[in-house]
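J.: sequence? don't have it. structure:
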């Protein structure tokens, strides 16, 4: 009679458990039946709105998580060079989960944050080692955080592409047809991200962000008025307020200085527009 290996049973239990956690976040999951190194394709969403990006999750099931532990490396897993490159260069975020089906417990890791591509590429015949932080427990709270990491990655990729388009235009503007009007996509990316983190709602600024801004502005004015001109103080206050609002909104997921900068500029334009409206009302 045909037999089913225990490894298949463990793998199915582990994938089902990880899928259950993702489903609890309100996300849609699809099992990848072809073995290309990913077990789940996850369509994340936020407040019922589907994200433009997705998650790839590779699940490694086990009956004893300690088999992945060593004193030298802690919890870790080796993967082939080809598989490592696939995860590192994936357009969507790739996450690896090791799951103990007996203890109903698992850890997650993101390989692309652990490898210097140049160093590793020059010795690509070696297997890559994924290290798992013992505090990176794969649960619903951490899955939500991974969703924010994926959104950040996606929007920062859009921002980089928009900035490259602007740079290409500036370098080669003489080659464009006469009458061509270049419109930067940078403000659109920033505007979308501000809406995503609830700093902007169509045409209104979030009250919490405004409170952060006004507090930072007063502090800068009282402490540094003689060192920085008023316009620079506004820019600094907008940036500081953005950092505070981001910590509230996206589970303390880090964000690039470029994204903070362009988002702060857009928010500041709204603040100045609001000030103009108030000035006109008072006059």
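T.: Yep, that arrived. Quick caveat, the model's predicted, so the values are computed rather than measured. Numbering: from 1, shown residues only.

J.: the host helix or strand of residue 161: how far from the chain's middle?
T.: For residue 161, the host element (DSSP states H and E) is helix 140-172. Relative to its chain's centre, helix 140-172 lies at 8 Å (CA atoms, centre = their mean, to the nearest Å).

J.: quick check: buried residues in that helix?
T.: For helix 140-172, a neighbour-count test (16 or more other CB atoms under 10 Å) marks 142-156, 158-159, 162-163 as buried. The C-beta positions use only the backbone N, C-alpha and C, and glycine is treated the same way.

J.: after that helix, next one along is what?
T.: helix 186-196.

J.: what angle do that next one and helix 140-172 make?
T.: On the basis of axes from the mean of the first three to the mean of the last three CA atoms, to 10 degrees, helix 186-196 is oriented at 170 degrees to helix 140-172.

J.: may I see the buried residues of helix 186-196?
T.: Across helix 186-196, burial judged by 16+ other CB under 10 Å covers 186, 189, 190, 191, 193, 194, 196.

J.: distance between it and the chain's centre?
T.: Worked out by CA atoms, centre = their mean, helix 186-196 lies 14 Å from the chain centre.

J.: show me what the very next helix or strand once past that helix is packed against.
T.: On the C-terminal side of helix 186-196, the closest following helix or strand by DSSP H and E is strand 200-201. Judged by 3 or more CB pairs under 8 Å, 6 or more residues apart in numbering; DSSP states H and E, strand 200-201 is in contact with helix 186-196, helix 257-282.

J.: which one of those helices is the most hemmed in?
T.: Per-stretch averages of neighbours, counted by mean count of other CB atoms under 10 Å, single out helix 186-196 among those, with a mean of 18.

J.: what's that helix in contact with?
T.: Defining contact as CB atoms under 8 Å, 6 or more residues apart in numbering, one finds that helix 186-196 is touched by 46, 151, 155, 158-159, 162-163, 166, 200-202, 259, 262-263, 265-267.

J.: mind running it again at 7 Å?
T.: Helix 186-196 is contacted by residues 151, 155, 158-159, 162-163, 166, 200, 259, 262-263, 266-267 when judged by CB atoms under 7 Å, 6 or more residues apart in numbering.

J.: helices or strands up against the host helix or strand of residue 56?
T.: Here residue 56 sits within strand 55-62, counting by DSSP H and E. Applying 3 or more CB pairs under 7 Å, 6 or more residues apart in numbering; DSSP states H and E, one finds that strand 55-62 contacts helix 6-24, strand 40-43, strand 93-100.

J.: each with direction, which strands does whatever helix or strand comes next after it pair with?
T.: Beyond strand 55-62 on the C-terminal side, the first helix or strand identified by DSSP H and E is strand 69-70. Strand 69-70 pairs in its sheet with strand 74-79 (antiparallel), by DSSP bridges.

J.: give me the angle between the partner strand and strand 55-62.
T.: If you take the same axes, to 10 degrees, strand 74-79 sits at 110 degrees to strand 55-62.
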